[in-house]
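> sequence unavailable; structure follows:
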C-alpha cells in the first residue's frame, strides 16, 4: 500500500511539474506576474533622483502661448539656443522632424542644435508595402526608421524613441539597441547617456526593465509638500529666458510633450497616463545610476529552479498534515513574495513570483486533496476487507480515529459481557458429509448467528472451530450490555433451529447450540505484535464464560449465565438457578442460572 501511495503521489508531483513547465514556457503567467511586479513599485516609496535631468515641457501653458502644435521651428531654435547659453550639457528633443518646414526655420533650428551636444528623435514605423511576390502583388508589413531631415542629421545625433508596452499597455521595459538593415541602431536614451558620460559603454544589455522612481508628483510626508520626480519647466519660460542659468547649467535637458491629450502618454506601474518624456528621463537616470532592473535568471535557469523546487516541496507536502499544509502554503507564498520584493528594492533584481507561488499552491492543495481522497480510499478498503470479520462499530471507530487505541498495541480495563456459543452435533455431520458440504454448512450456520450478533451490536472476537466468542460494551459504550447479550443469544438459539430445519439434514443429524454468558471486568484492546495484532478481551471473566458454555452439556440446557449477568437482568428475562458450582481453575464457587426458553 505504501509503495502504491508513494507512486501515486510521485505521479501527481510529475503532473504538477509538467503543467507548470508548459504554463511558464508559454508565458500564460505573465498577465498575473505583471500585477505583482507593479505592486512592488507601489509598496516601495518614491525614490529621489540625482537632479541631473531637467524636463522642458510642452504643456498647456505653452500651447496657449504659441498655439496648436506643430509650432514654427524658430520657436524651438530659440529655446535650444537659450538652453545652451545657460550652460546645458546636452539638449535632447523628443520630437520628430521627418519633413521640411520652411527653409529659414529649418536653418535656424539646425544652427541652434549645432551650438552644443544635441540629440533628436527618430522612430521605427510599421507600414504596409505592395511587393511582387510569386507573380502577384501582395501587401507586406515593413518596418522603417523615420529619420529627421538631413539638415538636422548633420548637426545632431539621432536615437529612436519607440517604447514597447506589454500586452496590458503598461511600459515596463525598453530596448536600447536594435538592428536595422544590417546596422546597429541605438535608442534615444542610450545616445543621451553615452554622450553625457563621454566614454565607450561595455556590457550594456540590449533590453532593460525600467526602474520607475515614482509618479510625476507625489506627497512627501517628511517635508509635507508635493514633490516632482524630475525637475520640470515650461518651454514658455525657457523661450522668454526667465529661468536662471544655474538651474540649467551642466544638466541633461529633455524637451518633450506633457500636455494632457497628446498621444505621447503611456500607462506605468505608478500611473495610468505617464508622459513619454518622463519615461525617457527615468531610463536615462537608470543608466546614469546603474539602477535599472534586470532579471537574475534566464528562462531555462529559472525553469530548472522551478523543477528542483517542486521536487523538494513534493516531499515536504507529502509528509505534512492538511492543516499544517495550509499554513505552509500561506507562509511560503508570503515569504517568497517578500524575497522577490527585497531583491527588487535592494538590488534592482527581478525574480518572477507567479510560477513559484503557483507551484506551492498546486502542490500544497494537491497534497491536501490527495490525502483526503487517499484516506477515503483507505476507508473503503478497510470496510471492504473487514466488514465480514469485525463488528461495524469497531470498523467505524477505527476509521474515525486511525491513530487511537484500536490501531496500536495495548489495552484498558473495562466491564463487558462475553459469550461463547458452541454448535453441537457438528462432529457427526463432519463424519458423514463431504468436506465441501461440511464447510458450506458451517459457513452458512455462522453467517446466520453472526448476523444476529451484529444486529445486537455485538463484537465477534473469534471463531474457535465450531464455537464463536463474542462480547459487548467495547469499543463502544453499551450501558445495558448484559440484557442485550442474553436477548441476542436467545434469538441465536431460535434462529439456529429455523436454519437447521430449512437445511433438511438427515433425521439422525441433530444440531443444537450451547451458550455461556458472563459479565465482569477484562482487559480489552489490541494484543499481538507490531506487525500483527487482534482486537480481543482477556481475563478471568472470559474464562468463566467459556466454562459456562461447557456446563450446558452437563446440565442439558442451551444457555447458562453467571450470577453477575443475572443480577443485571433485573428480572426482565425469566431465569432458574442451577445452584453454585466450582469451575475448573477457580477456587471460589459461583451461582449459575439457566434461561427459560
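Okay, I see it. Everything numeric in this text was worked out from a predicted model, so none of it was measured.

> who are the packing partners of the stretch of helix or strand residue 421 belongs to?
Using DSSP states H and E, residue 421 sits within strand 410-424. Contacts defined by 3 or more CB pairs under 8 Å, 6 or more residues apart in numbering; DSSP states H and E place strand 410-424 against helix 435-455, strand 467-472, helix 481-503, strand 512-528, strand 533-538, helix 540-554. Just so you know, the C-beta spots here come from the backbone N, C-alpha and C atoms, and that holds for glycine as well.

> at 6 Å what do you get?
Contacts defined by 3 or more CB pairs under 6 Å, 6 or more residues apart in numbering; DSSP states H and E place strand 410-424 against strand 467-472, helix 481-503, strand 512-528, helix 540-554.

> next secondary structure after that strand?
Past strand 410-424, the next helix or strand by DSSP H and E is helix 426-432.

> rewinding a little: need the helices and strands packed on strand 410-424 in CSV (columns: mean neighbour count, distance to residue 326 and mean pLDDT).
Formatted as CSV, these follow (neighbours: other CB atoms under 10 Å; distance: least, CB to CB, whole Å; pLDDT from 0 to 100):
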stretch, mean neighbour count, distance to residue 326, mean pLDDT
strand 467-472, 24, 41, 95
helix 481-503, 19, 42, 93
strand 512-528, 21, 33, 91
helix 540-554, 20, 47, 95
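
> ok, which of the ones you listed comes nearest residue 216?
strand 512-528 (75.2 Å; CB to CB).

> the inter-axis angle of that closest one versus helix 481-503?
Calculated by axes from the mean of the first three to the mean of the last three CA atoms, to 10 degrees, strand 512-528 forms an angle of 120 degrees with helix 481-503.

> roughly how far is strand 512-528 from the heart of the chain?
52 Å (CA atoms, centre = their mean, to the nearest Å).

> what are the pairing partners of it, and which direction each?
With DSSP bridges as the test, strand 512-528 is paired with strand 410-424 (antiparallel), strand 533-538 (antiparallel), strand 559-562 (parallel).

> with respect to burial, which of those strands scores highest?
strand 559-562 (a mean of 26; mean count of other CB atoms under 10 Å).

> which of the three states applies to the spatially most central residue of the chain?
Centroid-nearest residue in the chain: residue 361, 0.6 Å away (criterion: CA atoms, centre = their mean). Classification of residue 361 using DSSP: H, G, I helix; E, B strand; the rest coil returns helix.

> out of the helices and strands packed on strand 410-424, which gets nearest to residue 195?
Per CB to CB, nearest to residue 195 of these: strand 512-528, 85.9 Å.

> ok, residue 496 - contacts?
residue 513 (CB atoms under 6 Å, 6 or more residues apart in numbering).

> quick check: it vs residue 19, distance?
61 Å (CB to CB, to the nearest Å).

> and if you look at residue 436?
In terms of CB to CB, residue 436 sits 56 Å off from residue 19.

> the more surrounded of those two?
Counted by other CB atoms under 10 Å, residue 436 and residue 19 do not tie: residue 19 has more neighbours, with 13 against 8.

> just to revisit the earlier point, distance from the strand holding residue 421 to the middle of the chain?
Distance of strand 410-424 from the chain centroid (CA atoms, centre = their mean) equals 51 Å.

> okay then, goodbye and thanks.
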